[in-house]
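In: here is my input; please provide its structure:
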Amino acid sequence: MSLKGADELRSRLKAIKLTFKGYGRTWADTTASEMRSRVPVDTGRLKGSIRRKSATQRKAVVVGHYTANFVDAGSKAHDIVPKSKPRLIFQGSQGNTIFAKKVHKQRIAARRFKRPSALAAIRKHPIREAMIDRWNKAA
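Out: Sure thing, here's the model as predicted:
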């Protein structure tokens, strides 16, 4: 028994399977752009670090400086104590050296920008249109 149109169906199914690589690249670039426009800017280091790392057939990855997680999720109040020395030593804002036994870091409120950026990129570039175009061009 043979199925009429089996080759066309196979090519269309293969095209759908390959859809995400090109779409993922577009989505990741748009997400990175959205994140750069939404991230709070103090020095600009975090904003400048956001970029697309990779886009494969299975996933797309957008990366940035590790502090993006703290800005996005916030942090709890906590104390910083020295591990191996008797005191913490660091430079103050006026260039003076500060010695302390303990430093208390205040809570930082969450300023969400990662998920809203990803969702905005999906709204700008819906995947169904890319899949339909691939399906139609494959036959």
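In: what comes into contact with the lengthiest helix in the chain?
Out: Ranked by residue count, the top helix of the chain under DSSP state H comes out as helix 19-38. The contact list for helix 19-38 (Cβ atoms under 8 Å, 6 or more residues apart in numbering) reads 47, 50-52, 55-62, 64, 113-114, 116-118, 120-122, 124-125, 127, 130-131, 134. Quick note: C-beta positions are derived from backbone N, CA and C, even for glycine.
In: which among those end up buried?
Out: 47, 50, 52, 55, 60, 62, 64, 113-114, 117-118, 120-121, 130, 134 (16 or more other Cβ atoms under 10 Å).
In: out of the residues you listed, list just those in strands.
Out: Among those, DSSP state E puts R52, A55, A60, V62 in strands.
In: can you add distance to K4 and pLDDT and give the residues you listed back as CSV?
Out: Shown next, in CSV, are these (distance: Cβ to Cβ, whole Å; pLDDT from 0 to 100):
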residue, distance to K4, pLDDT
R52, 42, 95
A55, 36, 88
A60, 37, 90
V62, 44, 96
